[in-house]
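S.K.: Sequence and predicted structure, then a few things I'm wondering about:
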Amino acid sequence: MDGDGLASLAELQTKYPQITEDIFLDIDANADGFINEVELLVAVETDLLPAFITDQ
């Protein structure tokens with residue numbers, strides 16, 4: 001979430017503090033250690049993550 005299009009577990013936990021390593025690994029479909037935009041969208045669509053709403 002630093003603008004590179006990928007989120008590490010620590011970065012994802014800044015927006016979703018309830019995310020555990022196990023949930024992160026479930027979301028990380030390609031097992032590269034990062035969550036990309038597609039994986040994030042799938043996680044929201046499948047209720048692994050709640051939709052994050054921002055005022056920005």
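M.R.: Cool, got the structure.
S.K.: tell me the SS of residue 40?
M.R.: Of the three states, residue 40 takes helix under DSSP: H, G, I helix; E, B strand; the rest coil.
S.K.: who's in contact with it?
M.R.: 7, 27, 49 (CB atoms under 8 Å, 6 or more residues apart in numbering). Yep, even glycine has a C-beta here, placed from its N, CA and C like the rest.
S.K.: Take those and lay them out in TSV including distance to residue 41.
M.R.: Compiled in TSV, those are given as follows (distance: CB to CB, whole Å):
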residue	distance to residue 41
7	12
27	10
49	10
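S.K.: Out of those, who's the most crowded?
M.R.: residue 7 (24 neighbours; other CB atoms under 10 Å).
S.K.: where's that one relative to residue 50, distance?
M.R.: 15 Å (CB to CB, to the nearest Å).
S.K.: Then residue 32?
M.R.: On the measure of CB to CB, residue 32 and residue 50 end up 23 Å apart.
S.K.: Same question for residue 16.
M.R.: From residue 16 across to residue 50, the span is 7 Å (CB to CB).
S.K.: Could you check which of these two has the larger neighbour count?
M.R.: Using other CB under 10 Å as the criterion, residue 16 and residue 50 rank with residue 16 on top: 17 against 11.
S.K.: Below-threshold pLDDT in this structure: ranges please.
M.R.: Scanning the chain with the threshold set as pLDDT under 70 gives 1-2, 52-56.
S.K.: tally of neighbours for residue 26?
M.R.: Look at residue 26: counted by other CB under 10 Å, it has 14 neighbours.
S.K.: And it, how far from residue 46?
M.R.: Residue 26 is 9 Å from residue 46, by CB to CB.
S.K.: Same question for residue 16.
M.R.: In terms of CB to CB, residue 16 sits 14 Å off from residue 46.
S.K.: can you check residue 23 too?
M.R.: Residue 23 sits at a distance of 11 Å from residue 46 (criterion: CB to CB).
S.K.: With that, I have no additional questions.
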